[in-house]
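>>> Here is a sequence together with a model predicted from it:
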Amino acid sequence: MEDKKEELAKTSGDNDPRIIAFVCNWCTYSGADLAGTSRMKYADNVRVIKLPCSGRIDPMFIVEAFKKGAKGVLISGCHPGDCHYISGNYHSRRKYAIFRNLLGFLGVDLNRVEFSWVSASEGNKWVHIINEFTDKIKSLKNGSNDIFKK
Amino acid sequence: MSRIGVFVCWCGSNIAGTVDVEKVRDEASKIPGVVSAVDYKYMCSDPGQNSLRNVIKEKNLTGVVLAACSPHMHENTFRKAAIKEGLNPYFVEIANIREQVSWVHDDKERATSKAVDLMTMMVEKVKRDRSIDDVKVPLHKKTLVIGGGISGIQAALDIANGGVEVLLVEKEPSIGGRMIQLDETFPTLDCSSCIMTPKMVEVNQHPNIKLYTYSEVTDVSGYIGNFKIKIKKKARSVVEKDCTGCGNCWNVCPMHKNVKSEFNVNLSERTAIYVPFPQAVPLIPALDRAVCLHFKKGGKCVKCYEACGPKCIDFNLQDEIVEETVGAIVAATGYDLIENSLYGEYGYGKYKDVVSGLQFERLLSASGPTEGLVKRPSDGATPKTIVFIQCVGSRDPEKGVPYCSKVCCMYTAKHAKLFAHKVHGSQSYVFYIDIRATSKGYEEFVRGTMEQDGAIYLRGRVSRIYEDEGKLIIKGADTLSGNQVEIAADMVVLATGVIPKKGSDKVAQMLGISYDKYGFYTESHPKLRPTESSTAGIFLAGMAQGPRDIPESVVSGSAAASKILGLFSKDEYEVEGTIASVNEATCVACFYCRRVCAYNAISGKDIKDRSGKLIKVVANVNPGLCVGCGACVNACFSKTIDVKGFMDDQIYAEIRSLSV
Amino acid sequence: MKLAYYPGCSLKGTSFEYEVSLLKILEVLNIEIKEIPDWNCCGASAAHSINHNLSVALPARNLAIAENGGYESILAPCAACSNRLKTASYELKTDDILKDKVVNSLGMPYAAGIDINNMLEFLSGVVGEDKIKSMVKKPLNGLKVASYYGCLLVRPPKIMQFDDPENPVLMDDLVALTGADPVDYSYKTECCGAINSLSNPDVVTTLTGNILYDIKKHGADLIVVACPLCHSNLDVRQREIERKYGEKIGLPILFVTELLGLSFGIDPKDLAIDGHMVAADKVLKKIKEL
Amino acid sequence: MKIVINEQNRRNFVSQVESMLHDKLSKCYQCGKCSAGCPVNFEMDYTPNQIIKMTELGMEHTVLNSKTIWLCVSCNTCSTRCPKGFEVAEIMDVLREIAEKRGINSKVEKEIRMFHEVFLNNVKSNGRIFELELVGKYKLKTRHLFRDVFLAPKMIEKGKLKMHGEKISDLNRIAKIFKDFE
Ligand SMILES: Cc1cc2nc3c(=O)[nH]c(=O)nc-3n(C[C@H](O)[C@H](O)[C@H](O)COP(=O)(O)OP(=O)(O)OC[C@H]3O[C@@H](n4cnc5c(N)ncnc54)[C@H](O)[C@@H]3O)c2cc1C
Ligand SMILES: Cc1cc2nc3c(=O)[nH]c(=O)nc-3n(C[C@H](O)[C@H](O)[C@H](O)COP(=O)(O)OP(=O)(O)OC[C@H]3O[C@@H](n4cnc5c(N)ncnc54)[C@H](O)[C@@H]3O)c2cc1C
Ligand code: SF4
Ligand code: SF4
Ligand code: SF4
Ligand code: SF4
Ligand code: SF4
Ligand code: SF4
Ligand code: SF4
Ligand code: SF4
């Protein structure tokens, strides 16, 4: 764990935080596409990784993202009940509660992990979430800059 | 070694206006494994695709990344192009630098750097892509329909008319379900048996339909295209092929008291050997061993046997199990009514003249116990005043169910209407909370009951019913005038709500489909896949899925049929290859994966050595059922199960490529 | 089992007949109960009508005294008292904050474990039908008896957990044990207006009148009750109701304990039956001639 | 009738009622089953379901001054049969308690409230009810001196009205309970 902290100390400053978003293919990815076709502008800090379903998200992906210098991680899938895969997002929601604890235990500042639902028609919600989350990450105190707290 | 080609698209100025495409191209060429990096004005155009194909061929590419528009736009286009050059389509990946970059950001430098990131991610992903073959499952073109109500009948007829063989399994001695119990049906008041009986006969005579009545499905295994099923034909004690339906047997049966007729909802009796109703299909009696004297009194009575000309009564017949293989299943098990006895305040069971909606249908029906004359059960007198109470059991989380049963507003309006037509000078009062009359012609129908047929509607519930000198005293409220209302009536009809057929949860478990907390089968998607169950190859129809009326039951039966005919229009069922796969070497058979799989796609598989000795059990993914959602991957602690196309190592590679 | 007895104010006053007959039949049945020392009024309907917390705290004192005295179960013959005691017990079980406040105010511990029985639950549950049946020396064959339950015994069902709240039969079953014929009628659980007896007599006479005339119509010789408030409305106000509607009723109202006592062959005087406003002479005579 | 809804006042009143009720007013879907079975509905100025709706609309003046809340005899018929499990009888208790706290003098139903007060005072001073005193005080307060008077002699004769009341010994504790919860 020690050398990882070393590595992280070198990461970029607060003004330009790297954010990784894990999104499901069906709802959120399409929502982000819609933001694009509607030419809505939003913060360019986010990098999207497409998964079949938010149920596919492994907590270790989040840990890995932070290890590689991300300052924030966003997870987004279909609205509950609208999941393309019946109950996939329920699994991820239930798991989320558990892996929040796990992440907290590993020392991740939970302010830096966000969970949301964006449907294929919610381009504006996507924009809103990205902007808000980016602002939030920017505003986090230096003290919590260290992703893996002591 | 990977040989990756990167193609950066300008999309005219859509991308090139904001992203420095040349920079992206140059950065791509620096990535180890990239053997070609080009940019082009319109990659999706014919010349664009041709250049893609040329490079694949010339440079013998093992993977392709297009930095272009959303994969939802042109992924297929480029994959098809790749196939033409002999490259497995799953080696084509898209970096979305239009919807996610050029259209949403302004700063050219920062947008370019983001585009480079996205392109790099995909290069790292494509390096780890494996060839994936789409899965083909052979289809056994035969269908099982469970439940012979109107929805099951409709599905069976449509499928059979489409040329596919159908097995229709009904647990009662006759098909027909609830609809055949009804009198006239809203909204057009057609006589139910007039429109239903011909369909029932058609089922019986259809060359493509094999009818199993007095039968139940007891076991289902396998998957889409290939379900192995077992049907139990309950011992009917009548040799079906010899029976002529003459009726001699039931006419001589001495057991005609004390056995309540299910068909007439306890308003009359039936014999031990019986057909539920005269128009039964098939017109073959069943002998109810639980009440028959022959079985209860050690062979004493043989009256039916003696009366039967063809001597087809066989007291020794046993249950019989039939095994079949089908490619698709329709679950259409229908509904029951909520238990009225929950309502002590309404005195159901205590006061004979408080009846359920279904009982009232029997009292209206020409084939019913009163031959269509409305008579009250207590003394056979013609009621002059009837009070109808809606939402009994429905919308009542305390004693019943919270949902609306959907049909009772309409059937109550129908009841009040038919009562007005049958008994002149009569009066109906209807207590309701809301009127839900939402299909074509329904509102007009209910208004007609009020305006033409004179039913008085009171908005409120009833609290209590008493009996007083031969009258039922109804204590209700009319919330619109703000009054308590007391009415002395001759009869009360409770518009009892509906619940799934008893045992439908068991059927769901047997089929491996999901159901809600009431036991209604759940559709795969409430809006967009309303006929599909959660399990591929199993379809839903009728009330088994939730409250619905006859038109909707018929629609859903036909919908299930058309889905099945569509499925069977090909010889094989093709599924995308991006599904889960198991590394049998590392699986420890904990089956955490199975627990999270909503599609029942995971089962156990025995691994045997050459001598046939069982070495171990591992998880096995059924390609016909898996949809590749990936829920199982995270459940697996030994990292044994993974989803093709989104493998763990690929996602980690994407994350790592973003290292800052 | 150590049984505590909570008489409540009515049994010491207007409904003394209830206590007299109860103690008498328990003597015959050889069952011992102990009056809760220094018990206080449960607050009846007044407290919960205008002060919810007080309506829990007042009965709680009695519950706590009994519990700390090592009793497992309380008999509260008055339906109103048993209703208040059960409600308080329920509230204290479900509302920890209130419980802390109450325990603090009482100055004694309370675990909320003690069981509360109304008269009917006590007779059929604690005493038992067999024992009662074995004591019946003078079967009341042919006597037509209507059981009136009222509201306080059965409602709210969530708390009272008593029989079937819409069609209760417990008292009818006890009536049947005495050899008498239970009379079925419609108003078994209709409210008699009990709590507004003094403050709103008009409403009470209307409600009670409905009940009395319905029972009359169904041909009962007498009515049994298990609640002093019901008794008082049906008995004390009967003359007034007859005057209001101009139609004779003349139905004696007996406590269930009195009816049992009669079937045990106890002298009516020892059961204080002469304490009622509506004389039971005719019925007593009929019983004598059985 | 017409009401003008003031959102702030409405919310204040609703949240006061809901916090004492431990339940949501929105649970009631106005089916009227409570009113249908209420034995004293015929005397009430508003039916129980109207009281619930008016409370939800923030018509505090109307509900707190209604006859209904005082005429309710707490028979629980309403709550027992409510399909939504709404505690109708309890909302009557809650509204009475609020009215009592605010000192709202409902002209019509003053007597019922007065009875409850006299009753509790009786408990406060004796620990138990001394019925003769209760009746006497109540009659004095309401000046209905002659109502029911025809009942008294016979009741005394039958031994129903005792001339002396009982007092409990630990009256201090009763005083404390009243102090803590009044
Ligand atoms: C009182 C009343 C009046 C109505 N009036 C009208 C009307 O006028 N107009 C209208 O449009 N709708 C009306 N309806 C609604 C109508 O009855 C239903 O929409 C319709 O009957 C639903 O048909 P179904 O095939 O889905 O179910 P069902 O009719 O219930 O058929 C289900 C069949 O499956 C069988 N089954 C169940 N489980 C199994 C099993 N495990 N194995 C084998 N077989 C099984 C059952 O025996 C039954 O035959 C009314 C409903 C009621 C209650
Ligand atoms: C305000 C509102 C909210 C709603 N919300 C919901 C909801 O939340 N959930 C829900 O389930 N339903 C909702 N609905 C209902 C839902 O919109 C409809 O059920 C659904 O859109 C119907 O789809 P359709 O294809 O039948 O008709 P339409 O959506 O009307 O499609 C018909 C198409 O045919 C085209 N067309 C028409 N004539 C011709 C012609 N001559 N030649 C060629 N093309 C033609 C039209 O241009 C149109 O594209 C809502 C409806 C409204 C009004
Ligand atoms: S008598 Fe024989 S042939 Fe006739 S209906 Fe009965 S079983 Fe069939
Ligand atoms: S053997 Fe059974 S079914 Fe046949 S007539 Fe006798 S009782 Fe009826
Ligand atoms: S359809 Fe009408 S009667 Fe039936 S539950 Fe719904 S609202 Fe009530
Ligand atoms: S008319 Fe429209 S708003 Fe009214 S009930 Fe029907 S669908 Fe609903
Ligand atoms: S990918 Fe989804 S559907 Fe397939 S086995 Fe795993 S959990 Fe089941
Ligand atoms: S969770 Fe993993 S190890 Fe366990 S059974 Fe499934 S695949 Fe095998
Ligand atoms: S019975 Fe319940 S839901 Fe119906 S109006 Fe009364 S409180 Fe509301
Ligand atoms: S508790 Fe009150 S409101 Fe409810 S039914 Fe009884 S008298 Fe009416």
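Received it, and whenever you're ready, just let me know what you need. Ligands and ions are numbered 1, 2, ... in the order given.
>>> what about D:Thr62, helix or strand, and which?
helix D:60-64 (DSSP states H and E).
>>> Show the average pLDDT along that helix.
Taken as a whole, helix D:60-64 has a mean pLDDT of 95.
>>> In chain C, what residue comes closest to ligand 7?
Proximity of chain C to ligand 7 (CB to the nearest ligand atom) peaks at C:Thr94, 41.2 Å away. (Glycine included, C-beta is placed from N, CA and C.)
>>> Now do that residue against ligand 8, distance only.
Using CB to the nearest ligand atom, to the nearest Å, C:Thr94 is found at 42 Å from ligand 8.
>>> The helix holding D:Thr62 packs against which elements?
Packed against helix D:60-64 by the contact rule (3 or more CB pairs under 8 Å, 6 or more residues apart in numbering or on different chains; DSSP states H and E) you find helix D:48-56, helix D:88-101.
>>> Out of those helices, flag the one nearest C:Gly128.
helix D:88-101 (33.3 Å; CB to CB).
>>> is chain B contacted by that closest one?
No - Helix D:88-101 stays clear of chain B (CB under 8 Å from any CB of the partner chain), getting no nearer than 11.4 Å.
>>> Which positions within that helix qualify as buried?
D:88-100 (16 or more other CB atoms under 10 Å in any protein chain shown).
>>> could I get the residues you listed as JSON lines with distance to B:Thr62 and pLDDT?
JSON lines is the format used below for the buried residues of helix D:88-101 (distance: CB to CB, whole Å; pLDDT from 0 to 100):
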{"residue": "D:Val88", "distance to B:Thr62": "74", "pLDDT": "96"}
{"residue": "D:Ala89", "distance to B:Thr62": "77", "pLDDT": "94"}
{"residue": "D:Glu90", "distance to B:Thr62": "74", "pLDDT": "93"}
{"residue": "D:Ile91", "distance to B:Thr62": "74", "pLDDT": "96"}
{"residue": "D:Met92", "distance to B:Thr62": "79", "pLDDT": "95"}
{"residue": "D:Asp93", "distance to B:Thr62": "78", "pLDDT": "92"}
{"residue": "D:Val94", "distance to B:Thr62": "75", "pLDDT": "95"}
{"residue": "D:Leu95", "distance to B:Thr62": "78", "pLDDT": "95"}
{"residue": "D:Arg96", "distance to B:Thr62": "82", "pLDDT": "91"}
{"residue": "D:Glu97", "distance to B:Thr62": "80", "pLDDT": "91"}
{"residue": "D:Ile98", "distance to B:Thr62": "78", "pLDDT": "94"}
{"residue": "D:Ala99", "distance to B:Thr62": "83", "pLDDT": "91"}
{"residue": "D:Glu100", "distance to B:Thr62": "85", "pLDDT": "86"}
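>>> Just send these back as JSON lines, with distance to B:Lys422 too.
Shown next, in JSON lines, are the buried residues of helix D:88-101 (distance: CB to CB, whole Å):
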{"residue": "D:Val88", "distance to B:Lys422": "39"}
{"residue": "D:Ala89", "distance to B:Lys422": "43"}
{"residue": "D:Glu90", "distance to B:Lys422": "46"}
{"residue": "D:Ile91", "distance to B:Lys422": "44"}
{"residue": "D:Met92", "distance to B:Lys422": "45"}
{"residue": "D:Asp93", "distance to B:Lys422": "49"}
{"residue": "D:Val94", "distance to B:Lys422": "50"}
{"residue": "D:Leu95", "distance to B:Lys422": "48"}
{"residue": "D:Arg96", "distance to B:Lys422": "51"}
{"residue": "D:Glu97", "distance to B:Lys422": "54"}
{"residue": "D:Ile98", "distance to B:Lys422": "54"}
{"residue": "D:Ala99", "distance to B:Lys422": "53"}
{"residue": "D:Glu100", "distance to B:Lys422": "57"}
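>>> which of the residues you listed sit farthest apart?
D:Val88 and D:Glu100, at 19.0 Å, using CB to CB across the buried residues of helix D:88-101.
>>> what's the helix or strand for C:Cys81?
helix C:79-94.
>>> next SSE after that helix?
Assigned by DSSP H and E, the successor of helix C:79-94 is helix C:96-106.
>>> Show me which positions of that next one end up buried.
Quick answer for helix C:96-106 (16+ other CB under 10 Å): C:Leu98, C:Lys99, C:Lys101, C:Val102, C:Val103, C:Ser105, C:Leu106.
>>> What separation do you get for the last one and D:Glu97?
Between C:Leu106 and D:Glu97 the distance is 22 Å, computed by CB to CB, to the nearest Å.
>>> Where does the prediction get shaky in chain A?
Along chain A, segments meeting pLDDT under 70 span A:1-14, A:80-97, A:141-150.
>>> those helices in it, which residues are they?
A:2-9, A:28-37, A:59-67, A:88-106, A:123-139 (DSSP state H).
>>> from the chain's centre, how far out does the third one sit?
Chain-centre distance of helix A:59-67: 10 Å, with CA atoms, centre = their mean, to the nearest Å.
>>> quick one: stretch B:566-585 near chain A?
Yes - Stretch B:566-585 comes into contact with chain A (CB under 8 Å from any CB), by way of B:Thr578.
>>> Kindly export that stretch (C-alpha atoms) in CSV.
Listed next in CSV are the C-alpha coordinates belonging to stretch B:566-585 (Å, rounded to 0.1, in the frame of the first residue of the first chain):
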residue,chain,number,x,y,z
GLY,B,566,-41.1,-15.6,-35.2
LEU,B,567,-38.7,-17.7,-33.1
PHE,B,568,-39.6,-20.8,-35.1
SER,B,569,-39.3,-19.1,-38.4
LYS,B,570,-35.6,-20.0,-38.4
ASP,B,571,-34.1,-23.4,-37.7
GLU,B,572,-31.8,-22.2,-35.1
TYR,B,573,-31.9,-19.6,-32.4
GLU,B,574,-29.0,-17.2,-32.7
VAL,B,575,-27.6,-15.3,-29.8
GLU,B,576,-24.8,-12.8,-29.6
GLY,B,577,-21.7,-14.5,-28.4
THR,B,578,-21.0,-11.9,-25.7
ILE,B,579,-22.1,-14.2,-22.9
ALA,B,580,-20.6,-15.6,-19.8
SER,B,581,-18.1,-18.4,-19.9
VAL,B,582,-16.6,-20.5,-17.1
ASN,B,583,-13.0,-21.5,-16.6
GLU,B,584,-13.7,-25.1,-15.5
ALA,B,585,-10.2,-25.4,-14.0
